[in-house]
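> from the sequence below, what's the structure:
(4 chains)
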2 protein chains.
Amino acid sequence: MSRFAGRLLRLQRISDDFAAMSFDLDAFLPYRLAVAATQVSRRFAARYEAQAGLSIPEWRVLAHLSRSGAVSVRDITARVNLDKSIVSRAAARLEGAGYLRKSGHGTDQRLVVLDLTDSGRALMDQLGCIADAFQAELLAELGDDAPAFRRALLKLGGPTD
Amino acid sequence: MSRFAGRLLRLQRISDDFAAMSFDLDAFLPYRLAVAATQVSRRFAARYEAQAGLSIPEWRVLAHLSRSGAVSVRDITARVNLDKSIVSRAAARLEGAGYLRKSGHGTDQRLVVLDLTDSGRALMDQLGCIADAFQAELLAELGDDAPAFRRALLKLGGPTD
DNA sequence: AAAATACCGTTGCAGGTGCAACGATGTCAA
DNA sequence: TTGACATCGTTGCACCTGCAACGGTATTTT
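Below is the predicted model:
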């Protein structure tokens, strides 16, 4: 038995490789997803940083406001997947930069209503063009996989998680 | 004047909707990608947090080491898409927890070689099972879109960006 | 009506992240 | 050989994020 020890170890090592396969991080979906998100986010930030030095939360708030019109912080928080504190601070910075204004709600004094200024709308028009161009670029890179990719993202990032 | 201003703004917004179509954040790929990545990352963290309170960088370093064997901090930063400072701190914590050892490189004293301890390998065996199970779950949710999704992630997050 | 409860937005705080600078080591050129 | 330059890992620092607590307001209960 003892003279087979070395051979047994080799066999065990090999069988481990087949059985446990030690785990391949590069093929792990959550990892690939995180890496792709980071890369894409950086690429996009580089595009709009030239136009305005916005952070990602600021960008999201601005984009949502441009479509929803006047709306409360609470609504944005729910819609944009950001903590309310982040939305609050982003709104404060955007207000300081003159891109939106805050006003009280008529019937519910707890609510703070956010609305874009003309300056904010003008900025968002530019950023919207940049965003559309960037998205077109991404879609071109994805080619035929784009539709499935979009569906998959909706499944994974949907609100019912 | 304030009443006129409000009315003008409303009109302008409506015309913007027709002209520029304002931009739909919900359909914006970088946004969906970021949201999906956050959600999946949270779900996965909840799974392995029960086994060990690892941060994402610690998890990545551990996973990479389990496959690559003894390797320097520099190698890990390159393959794992993390800043070297983050890898350095993650390695320090993992060393403190007894999951890896640091040792000097024979010929190049600048390098710090990282290697898993038995404890680290044992932990990684468990985490690998959890990861595989979670990935299977994700693939089931994605269904037919899974292959295209994987291809797309590789295109977007590839090292050639 | 008064009290208890729930909700909204802000703020303080601990921890993580990204970047740049640093000391230490290695490499190359004069 | 020596000096200039590059590389490696750590650390300091400013910023951002996530969470919890808070004051202020609405809603429900008694």
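> A:Gly106 and B:Ser66: what is the separation?
Using Cβ to Cβ, to the nearest Å, A:Gly106 is found at 59 Å from B:Ser66. Quick note: C-beta positions are derived from backbone N, CA and C, even for glycine.
> show me which of these two is the more surrounded one.
Counted by other Cβ atoms under 10 Å in any protein chain shown, A:Gly106 and B:Ser66 do not tie: B:Ser66 has more neighbours, with 21 against 8.
> element containing that one, please.
Under the criterion of DSSP states H and E, B:Ser66 resides in helix B:56-68.
> what about A:Ser85, how many neighbours?
10.
> is any residue of the helix or strand A:Arg101 falls within near DNA strand C?
Per DSSP H and E: A:Arg101 is located in strand A:100-104. Yes. If you take Cβ under 7 Å from any atom of the strand as the test, strand A:100-104 does meet DNA strand C, through A:Lys102.
> which residues sit against the helix or strand following that strand?
Note on strand A:100-104: by DSSP H and E, the next helix or strand toward the C-terminus is strand A:112-116. With Cβ atoms under 8 Å, 6 or more residues apart in numbering or on different chains as the test, strand A:112-116 has contacts from A:61-62, A:65-66, A:69-73, A:76, A:91, A:99-105, A:124, B:9.
> domain parsing for chain A?
Domain segmentation of chain A under automatic domain parsing yields A:1-50, A:54-141.
> of these, which is nearest B:Leu142?
The minimum distance between B:Leu142 and the domains of chain A falls on domain A:1-50, with 8.6 Å, by Cβ to Cβ.
> secondary structure element for A:Leu54?
Going by DSSP H and E, A:Leu54 is not in any helix or strand.
> gap between the residue nearest to it when sequence neighbours are not counted and chain B?
Closest residue in space to A:Leu54, ignoring its immediate chain neighbours: A:Tyr48 at 6.5 Å, by Cβ to Cβ, 6 or more residues apart in numbering or on different chains. For A:Tyr48, the distance to chain B equals 11 Å [Cβ to the nearest Cβ, to the nearest Å].
> buried set for whichever strand or helix holds A:Tyr48?
Following DSSP H and E, the helix or strand that holds A:Tyr48 is helix A:29-49. By neighbour count with 16 or more other Cβ atoms under 10 Å in any protein chain shown, helix A:29-49 contains the buried residues A:29-41, A:44, A:48.
> do stretch A:151-161 as well
Applying 16+ other Cβ under 10 Å to stretch A:151-161 flags A:151-157 as buried.
> ok, and of the residues you listed, which contact chain B?
Contacts with chain B within these, counted by Cβ under 8 Å from any Cβ of the partner chain: A:151-157.
> from those, pick the one nearest A:Asp132.
Closest to A:Asp132, out of all of those and judged by Cβ to Cβ, is A:Leu153, at 17.8 Å.
> secondary structure element for the closest one, which one?
With DSSP H and E as criterion, A:Leu153 is part of helix A:146-157.
> output the longest helix belonging to chain A.
If you go by DSSP state H, chain A has its longest helix at helix A:118-142.
> for the record, mean pLDDT for it?
In this model, helix A:118-142 has an average pLDDT of 95.
> try stretch A:29-47
Across stretch A:29-47, pLDDT averages out at 94.
> that one and DNA strand D, are they touching?
No. Interface with DNA strand D: stretch A:29-47 contributes nothing (Cβ under 7 Å from any atom of the strand), its closest point being 10.4 Å away.
> can you list contacts of that stretch?
By Cβ under 8 Å, 6+ apart, the list of residues contacting stretch A:29-47 reads A:25-26, A:56, A:130-131, A:133-134, A:138, A:156, B:29-30, B:33-34, B:36-38, B:40-41, B:44, B:56, B:60, B:63, B:81, B:134-135, B:138-139, B:149-150, B:152-154, B:156-157, B:161.
> hmm, try it at 7 Å
With contacts defined as Cβ atoms under 7 Å, 6 or more residues apart in numbering or on different chains, stretch A:29-47 is touched by A:25, A:56, A:130, A:134, B:30, B:33-34, B:36-37, B:40-41, B:44, B:81, B:135, B:138, B:153-154, B:156-157, B:161.
> how about the residues of chain A that lie near DNA strand D?
Residues of chain A that fall close to DNA strand D, judged by Cβ under 7 Å from any atom of the strand: A:55-57, A:82-83, A:85-86, A:89, A:107-110.
> perfect, I'm done here.
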